[in-house]
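[1] Show me how the following folds:
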Amino acid sequence: MTDEILGGRYQLLERVGGGGMAVVYKAQDRLLNRYVAVKVLRQQYVHDEEFIQRFRREAQSAASLSHPNVVSIYDVGQQGEVHYIVMEYVEGTTLNALIKERAPLPVEEAVHIASQICDALDHAHTNGIIHRDIKPHNILIGRNGRVKVTDFGIAKAADSSQLTQTGSVVGSVHYFSPEHAKGVAAGAQSDIYSLGIVMYQMLTGSLPFSGESPISVALKHLQENVEDPRTLNPLIPQSVENIILRSMRKSQEERYRSARQMLDDLEVCLTPERRNEPKLSFSPVYAYDPETGDGDDEQTRIMPAIRGAAEAGERKEQERRPERGESSMPRWMKPILWLVFVVGLLGLLWWGMQTLLDRLTPEERQVPSVIGMLQADAEQAIRDADLIPVIKEEPHKEMEKGRVFDQKPGPMLVNINSTVTLYVSTGSELQEIPDLVGHKLEDVLNVDLPTAGLSKENVKTEDVFSDKPEGVVVEQTPKAGEMYDPEDKSLLIKLKVSKGPEKITMPDLSGRTLDQANVILQQHKLVLPHDAVEEAPSLTVPKGQIWKQEPRAGEQVKPGQSVTLLLVSAGAPADAAQGDIQIQINPLKEGQKSEVTIRYSDAQHESMTEWGKRTIDKPIAVTVPVTVTRDKPAVIEVLLDGNVVSRITKTYSDLTGDRAANAQPADQTNQGSVPPGSPKATPSASPEGAR
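    Here you go, the predicted structure:
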């Protein structure tokens, strides 16, 4: 049917889905220039009055609801044998596709989706509509994250009779409630049971009950307990599992009383104090014996009611039993006679009812579609159809003033002299700029603006320093409460968004004097308290220069922040002494090259530090300058080809005491033995070697 135009205005573009009763197309409303979804009754049902009535009932049920989580119905019509419903087009995917792609879903996302479904059900139940076919296939997820409930094809009024056929029930077997499977009246708590199964599937990736046939699955809804969701997904909080288990209780008395009660529970189930609450306990009724099933083929179907199937089995069993006094009539003759009798009786009853209905049924008229027409023309078209127009004027952002933008009921058969409400546009209505200050920018762009009918294109942001948390709006222009025209596409809202407090990089004050440090800190808007300055001796930093600071150089600080420590050098310690240690080094073998490495530690070098490295083939003498204190001696190691051959230690008394003695052989002060043939290193303790 692609490219076909229905009702003179809806051009079908592409098929986007389908179910057991209808096919859904993406279409363009050429009158209002917008995309819509058109649901077309399948061809095999166009002569089935029951399916046509069910199709119309879907439009009536959904059209009576107005909620952000329910797909809106725009129009209903018939063109030849084509019956169709025009509804809101949701750009996105179905929950069923999302589960197949990503299940199990994160707990927060699943709870968010379930809350929106629950909100929609609460609205429907409040208006007396029971959905009766809640399943992931009938849940649409928009690209903005908005959840939409659709497909009210088997919905019923809360006070109407059960929608059944003889011995059968209508719905999707994997999401049946126990009372639905029995073929008895299904109420608001049946929708809650189905929503519990949807939550179970979102969080575990599998269905609670599966089997080889619809009857076997329906029996499990009646007889078996569900496996705990946390057994399949331990990441589910206990509070969320409690909601699933309570909504799926077989006894309606143990389920939530209403969708609102379940929604209230969903809104607080992820708070810290609820996540690890005790597990709900119920009186066990049935033992659980889980079976595995993929659950992909989940179309709405008509199946025998469990109660009807059982009674039919009993009747067949009785027919197989021979009765006493059975006549000599051939066995095959008796069923034929009964069949002729029953067919004749049914034909007579049908003729009588048709005759009675023809006399009692009032004359009907087809409601014309008048959307887009001027008010006067629309009223005249309604009167020409022997119907009574009722006018309601409301603002509308898309339809010009004086034209009809909606009608109830839409094109359908109604009794003569019925009223048709026409909604006439009074033009665009000025709206208030929402208060965005204090909101997170992410919420502003994804929630606040779309709710007000605005988009991201209407916003210009500027990042500013602020004491407010990063990403929070601190100022807006125009101010909250100012009026704007929703049709004004040039509207621009300027938002100043906090990027957190201003940060400054702590300057490096090492080697600076105290006066120089004060000037630098003032330039960086930092404060230096008097009690933050301390003096300490240093062997490496000249007196009066800074050699330690807190905060450290390069750290991020705030303007006006105080420096907690400036350590100024007081010069070398009083017990520091410096001197040169002369060392004579011989190669391992005269004329053969050896690699010499000298490393040392002293008062200025806490750990062993390499002093120098060279290659020799004959004896050499080197001088190593060191600094010692009373507590820290100097230790020099000589390595030949990577092996330590000499270790020399010089203390404070060695450098400041009697230095008349000349250099001693290195092996006299070695810590450990020196192998025979090793080179000698001679430390010099003579006054000439001291600085």
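[2] Double-check residue 146 against residue 71; I have them as touching.
    No. Contact criterion C-beta atoms under 8 Å: residue 146 and residue 71 do not qualify, at 10.7 Å. Quick note: C-beta positions are derived from backbone N, CA and C, even for glycine.
[3] Compare these two (neighbour count), which wins?
    A count of neighbours by other C-beta atoms under 10 Å puts residue 71 above the other of residue 146 and residue 71, at 21 against 14.
[4] name the helices or strands packed onto the helix or strand containing residue 27?
    Here residue 27 sits within strand 22-29, counting by DSSP states H and E. On a contact count with 3 or more C-beta pairs under 8 Å, 6 or more residues apart in numbering; DSSP states H and E, strand 22-29 meets strand 10-18, strand 34-41.
[5] That one - which strands sit beside it in the sheet, and in what orientation?
    Within its sheet, strand 22-29 is paired with strand 10-18 (antiparallel), strand 34-41 (antiparallel), according to DSSP bridges.
[6] Run a quick neighbour tally on residue 107.
    By other C-beta under 10 Å, the residues close to residue 107 number 19.
[7] cool, the one 10 residues further on as well?
    The local packing count at residue 117 equals 27, with neighbours defined by other C-beta under 10 Å.
[8] Quick one: low-confidence residue ranges for the stretch 51-200 of the chain.
    Along the stretch 51-200 of the chain, segments meeting pLDDT under 70 span 58, 153-171, 185.
[9] which residues of it fall in helices?
    In the stretch 51-200 of the chain, the helices defined using DSSP state H, counting those that start in this stretch lie at 95-102, 107-126, 178-182, 188-204.
[10] Would you point out which residue is most central in the chain?
    By C-alpha atoms, centre = their mean, the chain has its centre lying nearest to residue 109, at 4.1 Å.
[11] is it fair to say residue 539 lies in a strand?
    No. Assigned with DSSP: H, G, I helix; E, B strand; the rest coil, residue 539 falls outside any strand and is coil.
[12] That one and residue 56, how far apart?
    Per C-beta to C-beta, to the nearest Å, residue 539 is found 97 Å from residue 56.
[13] State the helix or strand in which residue 424 lies.
    Short version, using DSSP H and E: residue 424 is in strand 419-425.
[14] ugh, wrong one, I meant residue 475
    Using DSSP H and E, residue 475 falls in strand 473-477.
[15] And for residue 225?
    Per DSSP H and E: residue 225 is located in neither a helix nor a strand.
[16] residues touching the closest residue in space to residue 518 that isn't next to it in sequence, list them.
    In this structure, residue 518 finds its nearest non-sequential neighbour in residue 528, 6.0 Å apart by C-beta to C-beta, 6 or more residues apart in numbering. If you count contacts by C-beta atoms under 8 Å, 6 or more residues apart in numbering, residue 528 has them with 517, 518, 521, 562, 563, 566.
[17] Each with direction, which strands does the strand holding residue 424 pair with?
    Here, using DSSP bridges, strand 419-425 pairs with strand 388-394 (parallel), strand 404-408 (antiparallel).
[18] What's the end-to-end length of stretch 91-106?
    Chord length of stretch 91-106, first to last residue, is 22 Å (C-alpha to C-alpha, to the nearest Å).
[19] Same question for stretch 473-489.
    Using C-alpha to C-alpha, the end-to-end distance of stretch 473-489 comes to 23 Å.
[20] Check stretch 247-256 too.
    Stretch 247-256: ends 6 Å apart by C-alpha to C-alpha.
[21] Flag every buried residue along that stretch.
    Neighbour-count burial for stretch 247-256, counted by 16 or more other C-beta atoms under 10 Å, picks out 247, 248, 249, 250, 252, 254, 255, 256.
[22] now swap in stretch 461-474 and tell me
    For stretch 461-474, a neighbour-count test (16+ other C-beta under 10 Å) marks 466, 468, 471, 472, 473, 474 as buried.
[23] That one - what's its average pLDDT?
    Averaging pLDDT along stretch 461-474 gives 87.
[24] what sits up against it?
    Contacting residues not belonging to stretch 461-474 are listed as 436-442, 444, 475, 494-502 [C-beta under 8 Å, 6+ apart].
[25] that older thread, which pair of the buried residues of stretch 247-256 spans the longest distance?
    Maximum pairwise distance among these (C-beta to C-beta): 13.9 Å, between 250 and 256.
[26] if we can go back for a sec, could you dump the strands paired with strand 22-29 to CSV with mean pLDDT and distance to residue 197?
    Listed next are those as CSV, based on pLDDT from 0 to 100; distance: least, C-beta to C-beta, whole Å:
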stretch, mean pLDDT, distance to residue 197
strand 10-18, 90, 21
strand 34-41, 93, 24
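[27] what's the most buried one of those?
    Among the strands paired with strand 22-29, strand 34-41 has the highest mean neighbour count (mean count of other C-beta atoms under 10 Å), at a mean of 21.
[28] sorry, back to before: buried residues in the strand holding residue 424, which are they?
    In strand 419-425, counting by 16+ other C-beta under 10 Å, buried: 420, 422, 423, 424, 425.
[29] quick revisit: among the contacts of stretch 461-474, name the ones in helices.
    If you go by DSSP state H, those have 441, 442 in helices.
[30] Could you give the separation of the longest strand along the chain from the chain centroid?
    Using DSSP state E, we find that the single longest strand of the chain is strand 605-616. The chain centre lies 60 Å from the centre of strand 605-616; the measure is C-alpha atoms, centre = their mean, to the nearest Å.
[31] After it, heading C-terminal, what element do we hit next?
    Helices and strands here follow DSSP H and E; after strand 605-616, the next one along the chain is strand 620-628.
[32] Tell me, please, the helix or strand in the protein that averages the lowest pLDDT.
    Least confident helix or strand, the chain: strand 164-165 with a mean of 36, by mean pLDDT, DSSP states H and E.
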